[in-house]
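1. got a sequence here, can you build the structure:
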Amino acid sequence: MINPILETADSVLEIGSGTGQHAVYFASMMPHLQWYTSDCASYLEGINLWIAEAGLANVHAPFELDVSTSSWPILDVDAIFSANSLHIMSEHDAENMIAGSGLLLKTQGSLIIYGPFNYDGEYTSESNRRFDGWLKDRNPESGIKDLEWISALASQHGLILAEDYPMPANNRILHFSKL
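-> Predicted structure coming up:
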């Protein structure tokens with residue numbers, strides 16, 4: 001699903017690059033992209049290891065971007081990608097991520113978010129209900145977010161939901177487009 005969205009993009013900022021595995025995978029599959037990695041400081045060393053091992057010229061060294069405390073980079077990107085991060089964020093951090101994305105993206109840019117989501121306040125599966133409970137046991141401010149809340153927030157920052165793709169294991173890809 002992500003390949004067609006990024007087919008015409010030249011550059012992507014990944015928020016919450018984690019280990020760096022998504023950057024390496026997508027950059028190897030789409031060598032036309034310049035892939036910028038970012039995460040909290042504690043993840044940067046691991047991302048560097050994945051990037052070094054892959055040896056891809058189109059993946060850039062990670063920089064620190066903590067959506068709750070960092071200044072946003074000055075980058076010219078066509079897309080922002082974040083996988084498995086929104087549900088571990090507090091609502092405040094999710095708001096910061098979406099607001100920052102709305103500011104950084106140019107017109108027709110894409111915000112692509114992968115993970116589990118609720119619809120009309122309801123879980124899409126029993127496993128997502130259990131996962132949400134586990135998340136909240138670890139951090140009461142985290143948890144699976146509602147699609148309607150995310151869409152309304154995105155709309156406030158010039159982003160509209162272009163597509164909602166079903167994915168395996170009760171996950172989704174939400175593709176927002178900058179007006």
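2. in the sheet, which residues pair with residue 165? Tell me.
-> Per DSSP bridges, the residues bridged to residue 165 are residue 173.
3. confidence score at it?
-> pLDDT, residue 165: 97.
4. that one and residue 117 touch, don't they?
-> No: in this structure residue 165 lies outside contact range of residue 117 using CB atoms under 8 Å: 11.3 Å. C-betas here are computed from N, CA, C, even on glycine.
5. hang on, residue 26 packs against residue 5?
-> No: contact criterion CB under 8 Å: residue 26 and residue 5 do not qualify, at 10.9 Å.
6. which non-adjacent residue is nearest residue 106?
-> The shortest distance from residue 106 to any non-neighbouring residue, by CB to CB, 6 or more residues apart in numbering, is to residue 178 (6.7 Å).
7. show me the beta-bridge partners of the one you found.
-> Counting by DSSP bridges, the residues bridging with residue 178 are residue 159.
8. what pLDDT does it get?
-> At residue 178, pLDDT is 97.
9. could you do residue 151 as well?
-> pLDDT, residue 151: 98.
10. got the buried residues for the helix or strand harbouring it?
-> Secondary structure from DSSP states H and E places residue 151 in helix 147-156. Neighbour counts over helix 147-156 (16 or more other CB atoms under 10 Å) mark 147, 150-151, 153-154 as buried.
11. which one of the residues you listed is nearest to residue 19?
-> Top of the list for closeness to residue 19, among those and by CB to CB, is residue 150 at 24.6 Å.
12. buried sites along stretch 12-31?
-> Buried, per 16+ other CB under 10 Å, within stretch 12-31: 12-18, 20, 22-24, 26-27, 30.
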